[in-house]
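Trainee: Any chance you can model this:
(one chain, ligands or ions: 3)
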Amino acid sequence: MAAVVLVGPMGAGKSTVGALLASRLGVALRDTDADIAAAAGKSVQDIFVDEGEEHFRTVEASAVAAALVEHEGVVSLGGGAVLAEQTRALLEGHTVVYLRVGVADAVKRVGLGSGRPLLLGNVRGRIKALLEERAPIYESVATLIVDTDDRAAADVADEIAAALSGQNPATAGNRN
Ligand SMILES: Nc1ncnc2c1ncn2[C@@H]1O[C@H](COP(=O)(O)OP(=O)(O)O)[C@@H](O)[C@H]1O
Ligand SMILES: O=C(O)C1=C[C@@H](OP(=O)(O)O)[C@@H](O)[C@H](O)C1
Ligand SMILES: [Mg+2]
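Mentor: Ligands and ions are numbered 1, 2, ... in the order given. Predicted coordinates:
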């Protein structure tokens, strides 16, 4: 079972902070977007273009279910994974960290939005709408909320590692 799961919108830093946190905890990172791309033999963006979002969401729900059960380390989800009711149910009982980000920082971090098909055409407008729509969902699955605005990814990873070590010293890592 996953030790910790990172959720939040595009540009929150789930993939980046996930890698840093995994190394602090001495475990591996599993990023479900990477799993999906590896299994399909093409990028997430190409899956959206070739098969459509609905197909991506179906594949994503399976990839998340597998990762949550199989992986003992850090699992970083894609920003829309929590839209699936099955995934929200599976997250119950996990340590779920919501990486919160405001519009300005998210926009800066995703740049032109390349590789993120839902942002194409109007990065700022799409991010603003997605943050508003999804914030209550992220809050509902989170056991810990960490603000990432104006903070380096390493600082965010440190905060999570510290919170986890307070919560469960047996599994919280190997920093010294
Ligand atoms: N706290 C942070 N401060 C500045 N840049 C960040 C931070 N976290 C991530 N980034 C950068 O933002 C971009 C998106 O990060 P990523 O980890 O892919 O986010 P997500 O997986 O949540 O969409 C990357 O270029 C990454 O280096
Ligand atoms: O928010 C979303 O719906 C998506 C987020 C992306 O992952 P990141 O949040 O890691 O960028 C990726 O799964 C896909 O482009 C859809
Ligand atoms: Mg990511």
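
Trainee: Going by C-alpha atoms from here, please, whenever you check contacts or count neighbours.
Mentor: Noted.

Trainee: how about the strands in this structure?
Mentor: Secondary structure of the chain (DSSP state E): strands at 4-7, 29-31, 74-76, 96-100, 144-147.

Trainee: which non-adjacent residue is nearest A153?
Mentor: By the measure of CA to CA, 6 or more residues apart in numbering, the closest residue to A153 outside its immediate chain neighbours is V17, 5.5 Å from it.

Trainee: There's contact between the one you found and A157 in this structure, I believe.
Mentor: Yes. V17 lies in contact with A157 (CA atoms under 8 Å); the separation is 5.6 Å.

Trainee: coming back round to it: with respect to F56, which of the strands of the chain lies nearest?
Mentor: strand 29-31 (15.0 Å; CA to CA).

Trainee: And that closest one, what does it pack against?
Mentor: Packing partners of strand 29-31 (3 or more CA pairs under 8 Å, 6 or more residues apart in numbering; DSSP states H and E): helix 14-25, strand 74-76.

Trainee: Mind checking if it is in reach of ligand 1?
Mentor: No. On the criterion CA under 6 Å from any ligand atom, strand 29-31 is out of touch with ligand 1, staying 8.5 Å away.

Trainee: Could you give the separation of that strand from the chain centroid?
Mentor: In this view, strand 29-31 has its centroid 9 Å away from the chain centroid, taken as CA atoms, centre = their mean, to the nearest Å.

Trainee: Flag every buried residue along the helix or strand bottoming out on mean pLDDT in the chain.
Mentor: When the helices and strands of the chain are compared on mean pLDDT, DSSP states H and E, helix 153-167 comes out lowest with a mean of 94. For helix 153-167, the neighbour count (16 or more other CA atoms under 10 Å) marks A153, V156, A157, I160, A161, L164, S165 as buried.

Trainee: between the strands of the chain, which gets nearest to A129?
Mentor: Using CA to CA, those put strand 96-100 closest to A129, at 14.7 Å.

Trainee: Does ligand 2 have contacts with that closest one?
Mentor: No. Counting by CA under 6 Å from any ligand atom, ligand 2 has no neighbours in strand 96-100; the shortest distance is 10.5 Å.

Trainee: Compute the distance from the centre of that strand to the centre of its chain.
Mentor: Using CA atoms, centre = their mean, the offset of strand 96-100 from its chain centre is 8 Å.
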